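# Here's my sequence, what's the structure:
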Amino acid sequence: DGERGIGVFSHRRDAMRSTASASIVRAITALQATIQRDEGGRGIAALCRPNQLLQASQELLRTPSNGKAIVLTGFPCLRERSPPVETDGPPGAVAIARALVAFGVTVSMPIEHHSRAALQQCMAAACTGEIQPTVIGFPTSDEWEAADDLRLQDMTAGSSIAIAIERAGTSSDGTCYTMRALPMGRDLVAYELNSILTVGSRLRTVAVGDGGNELGMGSLYADVSRTVPNGAKTGCIVPSDFPIVASVSNWGGYALCCACALLAWDQQLALAADGATNNCAGRHSAEDYVARLVPDARSLEAVILAANDAGAVDGINGQSMGSVDGMPLRIHLDLLDRLRAITLGAMNEGEAVDRPPLTSSMRRD
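Modelled structure (predicted):
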């Protein structure tokens, strides 16, 4: 029916509480612990901070309905392949973008031309029958022109927040590096896109990474350079306001969606308790919220395999068939199921108080 956003919550950001209920904070803390177990053995413990996920999700939900956001990904570490992009990054970016759209936010997703098809196919697999964010292709730096500067300016104009997830990050010598300290040069990366996180205080910034060489991880550079192999060379120096570290960057994206769902649910319960909700909108379950804001295992499998179909492969072992960061598809689906279980468990704990209303834009045919 053309209505956008999740009911009263999307239109009552002014009423949003500065603190979440204790049960919701506990659940978000559990989500963060679940994505920071370091299954990949990268030694991320030194990069983890308390409440990284809580603070980042609260910041996302400060984005006004009908506002604009940028979700940025693309890590072209497969330097001899076409496309050179890996399967970590696009699925998580698509999940975040889809959740923002559900809140009525207009989302742009810039990426290099060589990886645009992979991101677009992930988006199409995730957003069947839904409003889709706009995927925008840009040339790599060696082919960048003045007209591309203008397109970038147009895209960022009016945006209030930028989220980078598994995006190649600029190091201290101005180069983007893989974890093996191999350079990703101007023929692979649109370095100009990384300026989105450095345009000044106008944009709030959230970043998700798993090794310290991703855009926005500069906030953690001191620990990256000290604890990550080759970290002083490969670590990104571009900071973000709210960095999130995860075992796999995609997992950080899924957890961010879950945390946003929890905070939205918590806020609607508070509004219901105050008598501020619109009962005409109808009553829906926690499952309805999670279905609209968080991918499920079936849709995630479709998204990752869509990335494979577009030529993206595992950045560690070069495999397809759903493999991401050296782990088979089943590991990622099981992880998502755990995140969803934590989220639904916390929502149902508070459901006895009230059920928040959802508009028809939340319904899935």
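# Can I get whichever strand or helix holds Arg151 in CSV? Just the C-alpha atoms.
Using DSSP states H and E, the element containing Arg151 is helix 146-156. C-alpha atoms of helix 146-156 as CSV (Å, rounded to 0.1, in the frame of the first residue of the first chain):
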residue,chain,number,x,y,z
ALA,A,146,35.4,14.1,-12.1
ALA,A,147,31.9,13.1,-12.9
ASP,A,148,32.2,10.2,-10.4
ASP,A,149,33.0,12.8,-7.7
LEU,A,150,29.8,14.5,-8.5
ARG,A,151,27.8,11.3,-8.3
LEU,A,152,29.4,10.5,-5.0
GLN,A,153,28.5,13.9,-3.7
ASP,A,154,24.9,13.5,-4.8
MET,A,155,24.6,10.2,-3.1
THR,A,156,26.0,11.4,0.2
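# Could you point out the helix or strand that follows it?
Toward the C-terminus, helix 146-156 is succeeded by strand 161-167 as the next helix or strand (DSSP H and E).
# Can you list the strands that that next one pairs with?
Next to strand 161-167 in the sheet, as set by DSSP bridges, lie strand 68-74 (parallel), strand 204-209 (parallel).
# Just name the most buried of those strands.
strand 204-209 (a mean of 28; mean count of other CB atoms under 10 Å). C-beta: built from backbone N, CA, C; applies to glycine.
# so which of the strands paired with strand 161-167 comes closest to Met155?
Ranking these by their distance to Met155 (criterion: CB to CB) puts strand 68-74 first, at 6.9 Å.
# got the angle between whatever helix or strand comes next after the closest one and strand 68-74?
Under the assignment DSSP H and E, the closest C-terminal helix or strand after strand 68-74 is helix 90-102. Here the directions of helix 90-102 and strand 68-74 differ by 170 degrees (axes from the mean of the first three to the mean of the last three CA atoms, to 10 degrees).
# just checking, what packs against helix 90-102?
Where contact means 3 or more CB pairs under 8 Å, 6 or more residues apart in numbering; DSSP states H and E, helix 90-102 is packed against strand 68-74, strand 106-112, helix 113-126, strand 161-167, helix 249-273, helix 286-293, helix 297-309.
# Please save the CA atoms from that helix in PDB.
Taking Å, rounded to 0.1, in the frame of the first residue of the first chain, the C-alpha atoms of helix 90-102 are listed here in PDB:
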ATOM      1  CA  PRO A  90      27.600  -8.500   0.600                       C
ATOM      2  CA  PRO A  91      25.200 -10.800   2.500                       C
ATOM      3  CA  GLY A  92      25.700  -8.800   5.700                       C
ATOM      4  CA  ALA A  93      25.300  -5.500   3.900                       C
ATOM      5  CA  VAL A  94      22.100  -6.600   2.300                       C
ATOM      6  CA  ALA A  95      20.700  -7.700   5.700                       C
ATOM      7  CA  ILE A  96      21.500  -4.300   7.200                       C
ATOM      8  CA  ALA A  97      20.100  -2.400   4.200                       C
ATOM      9  CA  ARG A  98      16.900  -4.500   4.200                       C
ATOM     10  CA  ALA A  99      16.300  -3.700   7.900                       C
ATOM     11  CA  LEU A 100      16.800   0.000   7.400                       C
ATOM     12  CA  VAL A 101      14.300   0.000   4.600                       C
ATOM     13  CA  ALA A 102      11.800  -1.600   6.900                       C
END
